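A.B. asks: need a 3D model of the following:
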Amino acid sequence: MSLRRAVITITTIALALSTFGCGMTEDYEGGAALSVDANDAVATATAEYNSESGTYSLSLEDPGLTFTLINDNLLGAGEEGLDIWIRSEHHVLYDFGGNEIYNYTKEVDHYIEAGSSKSVYEPLVIPLGEISSILFPFDVDEEFAKSAYTLYVDFIGKEVAADGALGDTHTVRGSATIHLERHYTTN
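C.D. replies: Residues are numbered from 1 along each chain as shown. Purely as a prediction, here's the structure:
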């Protein structure tokens, strides 16, 4: 009987310690929560017809897209916020009809300290052939039209501990709408 009571007592004490004492002396891993905010933009695409030479020139004004990456701390007892190091971006651009224009991934180097934010400028890259299909054909000397593109960017990075060790991977998606104004002129 006494052996059985001893086993039950030891088991009860072990369960109590694991339930109520768990983590009391352990180091806590810090945390981070990555979010993103983006501005919408207006780009101006112009097709100019030269009546003397019979040629067209195309131009696209860069709209200046800015994504703001925010590293919020996830703090609890014994925790400290972690920095985030963004190492790659995945870009997908869709036209106003929902057609994919491009899809690519590029390496980047965006370091965001715990509790801070960083603005990242993303140039709008629309292939010249796409601009041509947007602008042509036109059959009047002066015309104005408007359409929109949507750019999605996945920012992919890792938490960075105080000792430089890389931790959990974070991925956050930002999106921005690019309103494209089309202008047609003849000189």
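A.B. asks: shaky segments in this structure?
C.D. replies: Low-confidence segments of the chain, defined by pLDDT under 70, are located at 1-31, 58-60, 62-64, 74-80, 124-147, 180-185.
A.B. asks: now the strands: where do they sit in it?
C.D. replies: 32-38, 41-50, 55-60, 65-73, 83-94, 100-112, 117-122, 143-160, 166-186 (DSSP state E).
A.B. asks: can I get the ones you listed in CSV including mean neighbour count?
C.D. replies: Heads up, the C-betas are built off the backbone N, CA and C, glycines and all. Written out in CSV, the entries for the strands of the chain read as follows (neighbours: other C-beta atoms under 10 Å):
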stretch, mean neighbour count
strand 32-38, 17
strand 41-50, 17
strand 55-60, 13
strand 65-73, 18
strand 83-94, 19
strand 100-112, 12
strand 117-122, 14
strand 143-160, 17
strand 166-186, 16
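A.B. asks: list the residues that contact the nearest residue to Thr44 once chain neighbours are set aside.
C.D. replies: Of all residues not flanking Thr44 in the chain, Glu61 sits nearest, at 4.3 Å (C-beta to C-beta, 6 or more residues apart in numbering). Applying C-beta atoms under 8 Å, 6 or more residues apart in numbering to Glu61 gives the contacts 43-46.
A.B. asks: distance of the closest residue to Gly167 other than its chain neighbours from Leu93?
C.D. replies: Using C-beta to C-beta, 6+ apart and skipping the chain neighbours, the partner closest in space to Gly167 is Glu159 (3.7 Å). With distances taken as C-beta to C-beta, to the nearest Å, Glu159 is found 29 Å from Leu93.
A.B. asks: cool, and Phe155?
C.D. replies: 16 Å.
A.B. asks: and if you look at Asp72?
C.D. replies: Distance from Asp72 to Leu93, counting by C-beta to C-beta: 28 Å.
A.B. asks: wouldn't Lys106 be in contact with Val120 here?
C.D. replies: No: between Lys106 and Val120 no contact is recorded; they are 11.9 Å apart, counting by C-beta atoms under 8 Å.
A.B. asks: common neighbours of those two, please.
C.D. replies: In the contact map built from C-beta under 8 Å, 6+ apart, no residue is linked to both Lys106 and Val120.
A.B. asks: count of residues packed around Asn187?
C.D. replies: For Asn187, the number of neighbouring residues by other C-beta atoms under 10 Å comes to 9.
A.B. asks: residue contacts, it?
C.D. replies: With contacts taken as C-beta under 8 Å, 6+ apart, Asn187 has the following neighbours: 48-51.
A.B. asks: now Leu166
C.D. replies: Contact partners of Leu166, counting by C-beta under 8 Å, 6+ apart, are 85, 158-160.
A.B. asks: looking at those, spot the one nearest Thr55.
C.D. replies: Trp85 (48.1 Å; C-beta to C-beta).
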